[in-house]
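Trainee: Have a look; sequence and predicted model below, questions after that.
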Amino acid sequence: MRRGQAVVAVNPDETQQLIIDESAAARQLRAGFPWLRFEHDLEREFRREQSRARLAQIRFNLYLAAVLVACFGLLHALLIRAGAQSPLGFAQLSLLLPTLAIAIGITYLDRAHRIYPRVAPLLAPIAGITVIAVEIKAAQAGVQVEFVCVVLASVYVYYLFGLLFYQALRANLIMWCAYLAFGMIGALPEANVLYNALVLLLANVVGAITAYTFEMEIRTHFLEQRMLAETAARDGLTGIHNRRRFDEHLETVWQLAQREGVTLALLLVDIDFFKRYNDQHGHQAGDECLKSVAAALRQAARRPLDCVARYGGEEFAVILYDPSRPYLQEVAHRIHASIAALAIPHGDSSVAANVTVSVGIAYVAPTLERSTQGFVQLADEALYDAKADGRNRSLFSEAAYDTLETGSFRKKRRAAR
C-alpha cells in the first residue's frame, strides 16, 4: 500500500465477531433449519454423531420390541381360535421377529453407526406392515383389540427405532396406506377400517409433531455443543483456532491425505518486526494488529478442511487441504494483498511503512515415511529463509524428507557463520 492511499479502519469487536460467526455451527444456528436439514458437512457429522450416541439405546429398544412381539404372540394364542393362529404365528416368526433380529444384529457390527442408519429406514416399514397384516388377520378372526399393536408400531417407528424425522414419517405413511389397503382387501367392515384409519392418522399427526419438536431440540443442542467446543478451541485474543486445535487438525488431515493420496500445504505466517511494532506503538496496538492480521488470514482460507490458527506470539499457521500449486500461489498472494490492504502503520519497520508478513510454505504429499513434525519443520525453514531474504515475501519448500529435527537447520547455519 503506497502512502496517500486510503486507510482501512478495522473495528476490533466487529472483526472478532466476524471470525466467530464464520463457524459453520454458528451460521446454521443463525440461519435456522425449519426443514431439519443442515448444510452438507454439518448434516453428515450430525448423523454420524447421533448414530454413535444412540446405538446402545436403539439396541435396547429393539430387544424390547422383540419381547413385546413374543408377548402379543402369546396373547394371540389365548384369544384367537386355533384355526386362525397358524397364519398369525407364521407372520410373526417368519417376518417380524427376523426383521427385529436383523436390526439387533446390525447394532453389534463394528461399523454399525454407518450401516444401521442406512438399513433402518427399510426395516421399519417392513416390520410395521407385518404388524398390520397380523392385526387384519386377527380382526378377521373377530379380535378387534389387536389394533393397539398398530398404534404401538407407529410409536416405535417415530421414537424408538432410531430414525430421523423424515424417515419415520415416510415409514408411517407407508404403514397407514398399507392398513387402509389391507383393510379393504381383507373384506373387513368398511366403517371399522375407516374409523381405525382415522385414529391411526390422528396418532400420526400427534407423533409427527412431537417427533419434529424432539429432533429440532436435538439438532439445536448439537449446534450449541459444537459452538462451545469451537469456542474452547479458539485463541482468546484473535478468535481464530488456537495451537491445540491446530495440532489436532493437522493430525486429522495428515491421516486423511495419506488415505486419499492428496497433498497438504502449511503456511507459517510471521508479522515482520513485531517486537519493534510493540515497542513503537504499544502493546494494545499490537493486540489490535494481531486481531486484524488474523481476520485477514481467515478470509484467505475458507474451504471446509482448511484451517487458520494462531501458532504462537505473532506467528500464524494456515493448513490447506489438497491445494494445487497455482491455488497455493494464489493464497500466498492473497495473504500479502490482504495485509497490505489493512494499511496498519509500522513506524519502525525496515521493509515498509506499514505492517507486512513473511510466509514460509511447505508443500508435500503425506506418506508413512514422513511426519507432521517434519512437515512443520519444512514450513519453519521456508519462513526462516523468507526472513533472511529480506522479509515481506513468501518462500516455498518442497524438499523430500523422512524426519526432521525441529530447529536443526538454524543451529547449522549459526555454526557456519
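Mentor: Cool, the structure landed.

Trainee: Going by C-alpha atoms from here, please, whenever you check contacts or count neighbours.
Mentor: Fine.

Trainee: gap between Ala301 and Val308?
Mentor: 7 Å (Cα to Cα, to the nearest Å).

Trainee: One more: Ala138?
Mentor: From Ala138 across to Val308, the span is 65 Å (Cα to Cα).

Trainee: Ile271 too?
Mentor: Using Cα to Cα, Ile271 is found at 15 Å from Val308.

Trainee: Just want to know which of those two has more residues nearby.
Mentor: Neighbour totals were compared for Ile271 and Val308, and Val308 leads with 27 against 22 (other Cα atoms under 10 Å).

Trainee: what is that one paired to in the beta sheet?
Mentor: The partner list for Val308 in beta bridges (DSSP bridges) reads Val318.

Trainee: Would you mind confirming that it is in contact with Tyr321?
Mentor: No: in this structure Val308 lies outside contact range of Tyr321 using Cα atoms under 8 Å: 11.8 Å.

Trainee: in whichever strand or helix holds Thr252, what's buried?
Mentor: Following DSSP states H and E, one finds Thr252 within helix 243-260. Across helix 243-260, burial judged by 16 or more other Cα atoms under 10 Å covers 243-246, 249-250, 253-254, 257.

Trainee: Please work out which residues outside that helix touch it.
Mentor: 233-235, 263-264, 305, 307-312, 317, 319, 321-322, 365-368, 372 (Cα atoms under 8 Å, 6 or more residues apart in numbering).

Trainee: redo that, cut-off 10 Å
Mentor: 230, 232-235, 241, 261-264, 266, 305-312, 316-322, 365-368, 371-372, 375-376 (Cα atoms under 10 Å, 6 or more residues apart in numbering).

Trainee: OK, contacts around the residue nearest the centre of the chain?
Mentor: Centroid-nearest residue in the chain: Glu45, 2.9 Å away (criterion: Cα atoms, centre = their mean). Residues in contact with Glu45 (Cα under 10 Å, 6+ apart) are 38, 51, 222.

Trainee: how does the protein divide up, domain by domain?
Mentor: 32-231, 236-416 (automatic domain parsing).

Trainee: and Ala26, which of the ones you listed is closest to it?
Mentor: Ala26 sits nearest to domain 32-231 of all those, at 6.6 Å, using Cα to Cα.

Trainee: my read: Ala24 touches Arg226, true?
Mentor: Yes: with contact defined as Cα atoms under 10 Å, Ala24 counts as touching Arg226 (9.3 Å).

Trainee: any idea which element Pro125 lies in?
Mentor: helix 112-140.

Trainee: and the angle for the helix or strand just after that helix with helix 112-140?
Mentor: Downstream of helix 112-140, the first helix or strand assigned by DSSP H and E is helix 147-155. Per axes from the mean of the first three to the mean of the last three Cα atoms, to 10 degrees, the angle that helix 147-155 makes with helix 112-140 is 160 degrees.

Trainee: Helix 147-155 - contacts with which helices or strands?
Mentor: Here helix 147-155 touches helix 40-79, helix 112-140, helix 165-185, helix 190-232, going by 3 or more Cα pairs under 10 Å, 6 or more residues apart in numbering; DSSP states H and E.

Trainee: most packed of the ones you listed?
Mentor: Most buried of those, by mean neighbour count (mean count of other Cα atoms under 10 Å): helix 112-140, with a mean of 21.

Trainee: overlap in contacts of Val308 and Tyr321?
Mentor: Leu266.

Trainee: residues shared between the contacts of Ala301 and Val308?
Mentor: Here Ala301 and Val308 have 318-320 as joint contacts, going by Cα under 10 Å, 6+ apart.

Trainee: Let me have the buried residues of helix 243-260 in CSV, extended by pLDDT and distance to Ala70.
Mentor: Formatted as CSV, the buried residues of helix 243-260 follow (pLDDT from 0 to 100; distance: Cα to Cα, whole Å):
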residue, pLDDT, distance to Ala70
Arg243, 93, 56
Arg244, 91, 53
Arg245, 91, 51
Phe246, 93, 54
His249, 92, 50
Leu250, 94, 52
Val253, 93, 49
Trp254, 95, 51
Ala257, 92, 50
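
Trainee: how far away is Asp385 from Val205?
Mentor: Taking Cα to Cα, one finds Asp385 at 68 Å from Val205.

Trainee: Which helix or strand contains Ala101?
Mentor: helix 97-106.

Trainee: how about the CA coordinates for that helix, as PDB?
Mentor: Output of helix 97-106 as PDB, limited to C-alpha atoms (Å, rounded to 0.1, in the frame of the first residue of the first chain):
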ATOM      1  CA  LEU A  97     -39.000 -61.400  14.600                       C
ATOM      2  CA  PRO A  98     -36.400 -62.000  11.900                       C
ATOM      3  CA  THR A  99     -36.700 -58.300  10.900                       C
ATOM      4  CA  LEU A 100     -36.000 -57.300  14.500                       C
ATOM      5  CA  ALA A 101     -33.200 -59.900  14.800                       C
ATOM      6  CA  ILE A 102     -31.500 -58.400  11.700                       C
ATOM      7  CA  ALA A 103     -31.800 -54.900  13.200                       C
ATOM      8  CA  ILE A 104     -30.400 -56.100  16.500                       C
ATOM      9  CA  GLY A 105     -27.500 -57.900  14.800                       C
ATOM     10  CA  ILE A 106     -26.500 -54.800  12.800                       C
END
